[in-house]
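Novice: Okay, sequence plus prediction incoming.
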Amino acid sequence: MLRIVSTFLVASLALFAQPAHATSPAKVKAVHGVALSSLCKACAVVSKEHTETRKGKASGVGAVGGAVAGGVIGNQFGHGNGKAAMTVLGAVGGGVAGNEIEKNVKKYTVWVTTVTFRDGTQKRYERTSDPGLRAGDIVHLVNGRPVRRAA
């Protein structure tokens, strides 16, 4: 039994010891017509840019307001213990709904820019205002953010 387990372990290790680069894709040489080899060492090219809408952060006001409203509405239904259960159920449901409503009211836009560096590596940057970058722009990093390179 021990011999079977050790044979299995050796075979498994041999399988995982295969070089990782054997199946890696070919390296990118150009992005939007810009040859990566033509970039300066500190430069990159914008490979992709888009906006995303994100939900805002809830402060709890929506949850509390929703819970109160849900509790009042839930209290309108049932009798005896059922009335108490409907009040609690309405409060919980209203709290969850109020929290989501507050997040949707506070939603915001994020500008996402993906850049490709000379060595082919990519990095994604996010800003809460439009950086004015478009796909194909050549950029360099200033304070950790991509900025269009002056011609």
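Specialist: All right, it came through fine. Predicted model, so just to flag it, every value in this text is computed and none were measured.
Novice: okay, CA-based contacts and neighbour counts for the rest of this
Specialist: Will do.
Novice: Quick one: list the elements packing against the lengthiest strand in the chain.
Specialist: Using DSSP state E to define each element, the chain has its longest strand at strand 43-54. Under the contact criterion of 3 or more CA pairs under 8 Å, 6 or more residues apart in numbering; DSSP states H and E, strand 43-54 touches strand 30-31, strand 108-117, strand 138-142.
Novice: so the second one versus strand 138-142, what angle?
Specialist: Translated: strand 108-117. 110 degrees (axes from the mean of the first three to the mean of the last three CA atoms, to 10 degrees).
Novice: Which residues does strand 108-117 contact?
Specialist: 31, 36, 43-56, 122-131, 133 (CA atoms under 8 Å, 6 or more residues apart in numbering).
Novice: Which of those are buried? Put it as a PyMOL command.
Specialist: Selection of buried members from these for PyMOL, criterion 16 or more other CA atoms under 10 Å:
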select buried, resi 31+36+43+44+45+46+47+48+49+56+126+131+133
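Novice: tell me which residues of stretch 73-89 are tucked away?
Specialist: In stretch 73-89, counting by 16+ other CA under 10 Å, buried: 73, 74, 75, 84, 85, 86, 87, 88, 89.
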